[in-house]
Structure formats: C-alpha cells, structure tokens
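Trainee: have a look; sequence and predicted model below, questions after that.
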Amino acid sequence: MIDPRLLRDDPEAIRTSLTRRGSKVDLDALVALDTELRSARQRAEELRARQKEIGREIAGLEGEAKEAAIAGVAQLASEVKETTGEVDRLESDFDMALLEVPNLVAPDAADGFTEEDNVEIKRVGEPLTEGADHATLGEKLGIVDTIRAAKVSGSRFGYLKGKGALLEFSLVRWAMDHLVAEGFTPMVPPVLVREEALVGTGFFPEAREQVYEVPRDELFLAGTAEVPLAAYHTDEILEGGDLPLRYAGFSTCFRREAGTYGKDTAGIFRVHQFDKVEMFVFIDPQDSAAEHDRLLAVEERLVGELEIPYRVVNIAAGDLGASAVKKYDIEAWFPGERRYREITSCSNTTDFQARRLRIRMKTDRGNEVVHTLNGTACAVGRTILALLENHQQSDGSVLIPSALVPYTGFDVIEP
RNA sequence: GGAGAGGUGGCCGAGUGGUCGAAGGCGCUCGCCUGCUAAGCGAGUAGGGGGUGUAAAGCCUCCUCGAGGGUUCAAAUCCCUCCCUCUCCGCCA
C-alpha cells in the first residue's frame, strides 16, 4: 500500500509510476474519493464531538433535568449515526481502491512493460554452447519422474528420486549455511496462511488466481516463504536498534500457475510445488536500497559457487509485481534451451508490505513504517535443473560442483 | 472431536453503563540524590486518522480495550456473531 498522504501531497509522483507500469488504476477517481472522505469525516467528527460533550453534561444531571436533556439530544444521535455510516462506506471504498494501487516504481528500475524490456546488467561465466535439456537429463539419470507424478497429482508435478532427492537436501543445507554466515536467522515458517498475510504482502488482490485455497479452513497455501516471513512481525513496532532483521526461510511453495498453459511443459521447470530458501529483510527505510544490492550480491555468490553461468537483469517497470519498486532477476544459462532463465529474484518492496502489515520501527522522529525486501537464496528445483544442464558430461553423467560435495557426499550422478 | 477458562497500553494486571484511553505494578526515558554493577525520590511514557501550522513543537478533534454488528442520549463495561489463545480429556505425525 502506498502512503495515502501522497494522494494529496504529490499525486503526480503516483501518476508517473502508474504510467511506467502501464497500470489501469484511476488515480483521479482515487484522489476525489480521498477528498470526499476527508470532508465527510470532518462533518462526522464535529457532530460526534458535540454528542460526547452533551453526554458529559448529562452524566452530571439528575431527575427531570436529565430526562429533558436526554430527550433533546436524540436528534443529534441519529445525525451522528447517519454521518458516521457515510464515513464508513466511503472509507471502505477508499481502502479497497488503495489496495489496488501498486508500489511506486524506483527511478532506476528498467523502463518498459514486458520481459523483453528487462535490462541486462552483467554476464558471468562461460556458457556451454550445447547440451541435453533438463527434462531429458533428469529422466535418463533416473532422478526426476514426472510421468508417475502425473498419475498421482496431475500435470506440473514431479518426484525427485535417488541422488536427485539427496541433492535437494544438500542444496537446502548449503544455502542455509551460507545465509547463517551472512547473519540471517534460519526459519521454517508455516506454509498455510491466512488471507491477511497475502493481502499484507501484496499478493492479494493482484495475484489471487495464482494461490491455492483451502476454503474449509479459510487458509491459503503460500507461494513463497516471503508471505509468512513478512507477516511474522505484523502489527509490531520494532526497536530501531534491532534492525535490520534478516531471516532465511525454508518452505515448500505452491503455485497454481494459472494462465501458463503450454509454457514449460517438459520436466519440472515450472511446477505447482517446489522447495525454496528465501531471504527476507526488515530494515530502516534509508538503508533499503543498499540492502537490495547486498541481497543481489548474496545471490550472485551462491550461483557462482555452483559454477553456473548467469546474467543479472533489471526487471522492467511494467513487469514488476505490485509490491516491488525494483527487482533484479538472476538468470542461469540453460544450454539445453540455449538461453538464460530465471532462477532467483530479489525485490525491494520498500514500505508497501510493511504499511499493509502495520510493521513500524521506533525512531527519533517517532514511529516510521519499515522497509522490507525479499530475495531467493535457492529455488531448489530450478537450481537442480541448472546444475544438470551446466555440469553434464559427454558420457551422460553430471558432476557435482565441489562446493556442494561436502553436502551431497557424492561428486557425480551417473545414468 | 468433547469440556472449561480467557483475550485491556511494551509486558503484567484492575476496571460490569457516564467525568475511563483506562488504577496499580514492571519495564523504559529524563532529572535529582547517592558514589559505585544497587537502592531511593520526582517527572514522563499506547497506537492511529483528520484539521491547523513553512517544518518541528504546539493546539483542536475523532477512532482504537481480539474483530464485526446491535442496544443506549452515552459501551472496555449489556446483547449477538465470529476469530484467537490457554488448560484438561480423546485422537494423532
């Protein structure tokens, strides 16, 4: 949620951002609604103040004088009820409209509206010019089974098997160890969350169709640990000295992948369920931009240690999620497809989530909404696929990068 | 799943219709005293919105005692619905 004060202090800043995103939000209607709401609120408050004042007088009266006073204020009471009802209606309209407004795009976010407009920042590593694709490799090595997964769960699911399953646990622990060394607190959060957590993180209302629901219990399956980690401090006022708070959350992630029919149907590149280690940070607003770069640096070190060629892209404004002001993706090279594809991502969501979740910090200037950031440390499934493709050998085996061997206990996966 | 208890400010905890945004305690902040990792004394200390103000301060005002609705001139206090937490029993990874 953006700061509603901006609507009257600097609506043009919002307009610029909406334009860069290609957003359809009706800013003028929102500004008008805000104005209407405030004047209605003013009227209601004046009436209510009078009512309370008279109430205090009545408290001191007795007998007939009291009866008369009570009779005299009945009309005022009904006016109060009417005007506050009006304020409530306007307020709820306003709140709903405000939830639809995406965060203000950062000045240095890339311009444009689609993936095509993402700006490449750098490339690292020597890409292989050819190789088998991950679906073929996974099947031949006997470590990924999507055929039987379809029987059990439908499309876009997979079994990891044998060394593939062990590789998963190795990656999780390897990533966690790195993050702990970086000062992150490891967490295993709930993956079933309330609606409030999803609204608070900005996934609702924008991306509601991507989220699995458990209606009977009014819970939702989180698509990322970002959701329970962000909501962890809901309604809290953090001590300035405790910031930044850095969490590393491991969770299984669930995504409906609605609207992706026909995309990435082979293998387990795009699946409904995968595991991920996610970084999440609560920080003083003035430090969030620097922290964003820091998260990217952590991600680069991790991918680099796996000896996977990659590039970093600055995501185009129109391709950003509602909560992000700026986002970097790391795209790993996939020789089977001869292209770079997203394996991690990190976003600065500034005060957007924190305001919705009411997470503040104490400062000399009073309480201030904190900033939050999130970044992928290791999306396990995709990382396994990137390892398979980039470390495949001519004999059909796959070598495990040396950084991982202490965790896997083996250095090669053979057919 | 069954039975019961309870949700009040950073924490604990009083408050069953009016002057209560709320006693008291703890914690914290500032000051005094003492001179020594303490005790004592005094003051301050919930959050949020709107208005006014160049800004800070200040001032005016409204909302918030789990959430929502209702009764009433007036609700932390009465009524209804919901949510959550805890305890015991049952079941269970």
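Mentor: Here it is on my side, so go on. Please read these numbers as outputs of a predicted model, since none were measured by experiment.

Trainee: buried set for stretch A:217-232?
Mentor: Going by neighbour count (16 or more other Cβ atoms under 10 Å), the buried part of stretch A:217-232 is A:219-232. For the C-beta atoms, the positions are set from N, CA and C on the backbone; glycine is no exception.

Trainee: you'd agree A:Met68 is in a helix?
Mentor: Just so we're on the same page, residue A:68 is Ala rather than Met. Yes: assessed by DSSP: H, G, I helix; E, B strand; the rest coil, A:Ala68 belongs to a helix.

Trainee: reduced to three states, what does the nearest residue to A:Gly267 once chain neighbours are set aside come out as?
Mentor: Excluding its sequence neighbours, the residue lying closest to A:Gly267 (Cβ to Cβ, 6 or more residues apart in numbering) is A:Ala135, at 3.2 Å. Judged by three-state DSSP, the three-state class of A:Ala135 is helix.

Trainee: what do you get for A:Tyr407?
Mentor: helix.

Trainee: now do the one 3 residues further on
Mentor: Classification of A:Phe410 by three-state DSSP places it in coil.

Trainee: contacts only, for it.
Mentor: Taking Cβ atoms under 8 Å, 6 or more residues apart in numbering as the contact definition, A:Phe410 lies against A:163, A:166, A:400.

Trainee: the residues you listed in helices, which ones?
Mentor: The members of the contacts of A:Phe410 that map onto helices under DSSP state H are A:163, A:166.

Trainee: the contacts of A:Phe410, buried ones only, as a ChimeraX selection?
Mentor: The command below creates a ChimeraX selection of those among those that count as buried (16+ other Cβ under 10 Å):
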select /A:163,166,400
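
Trainee: need the contacts of A:Phe410 in JSON lines (columns: distance to RNA strand B).
Mentor: As requested, the contacts of A:Phe410 are arranged in JSON lines below (distance: Cβ to the nearest atom of the strand, whole Å):
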{"residue": "A:Lys163", "distance to RNA strand B": "25"}
{"residue": "A:Leu166", "distance to RNA strand B": "21"}
{"residue": "A:Ile400", "distance to RNA strand B": "31"}
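
Trainee: contacts for the host helix or strand of A:Arg148, please.
Mentor: When secondary structure is defined using DSSP states H and E, the element that contains A:Arg148 is helix A:147-153. Here helix A:147-153 makes contact (Cβ under 8 Å, 6+ apart) with A:157-159, A:272.

Trainee: where does chain A have low pLDDT?
Mentor: In the predicted model of chain A, no residue satisfies pLDDT under 70.

Trainee: at 80 instead, please
Mentor: Within chain A, the stretches with pLDDT under 80 are A:62-63, A:216-217, A:240-241, A:262, A:363-366.

Trainee: who does A:Tyr247 form a beta bridge with?
Mentor: When assigned by DSSP bridges, A:Tyr247 has beta-bridge partners A:Thr185, A:Phe280.

Trainee: what sits against it?
Mentor: Contacts of A:Tyr247 were listed using Cβ under 8 Å, 6+ apart, and they are A:184-187, A:229, A:232, A:279-281.

Trainee: for A:Pro244, see how far away the residue of the stretch 201-350 of chain A found nearest RNA strand B is.
Mentor: Closest approach between the stretch 201-350 of chain A and RNA strand B, counting by Cβ to the nearest atom of the strand: A:Ile237, at 6.2 Å. With distances taken as Cβ to Cβ, to the nearest Å, A:Ile237 is found 16 Å from A:Pro244.

Trainee: who has more neighbours, those two?
Mentor: Set side by side, A:Ile237 and A:Pro244 show more neighbours around A:Pro244, with 18 against 14, by other Cβ atoms under 10 Å.

Trainee: where's A:Arg123, which helix or strand?
Mentor: According to DSSP H and E, A:Arg123 maps onto strand A:119-124.

Trainee: okay, that strand in PDB with CA atoms only?
Mentor: The C-alpha coordinates for strand A:119-124 follow below in PDB (Å, rounded to 0.1, in the frame of the first residue of the first chain):
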ATOM      1  CA  VAL A 119      17.800  -4.700 -19.000                       C
ATOM      2  CA  GLU A 120      20.800  -6.900 -18.700                       C
ATOM      3  CA  ILE A 121      23.300  -5.700 -16.100                       C
ATOM      4  CA  LYS A 122      26.000  -8.200 -16.400                       C
ATOM      5  CA  ARG A 123      27.000 -11.700 -17.500                       C
ATOM      6  CA  VAL A 124      29.200 -14.100 -15.600                       C
END
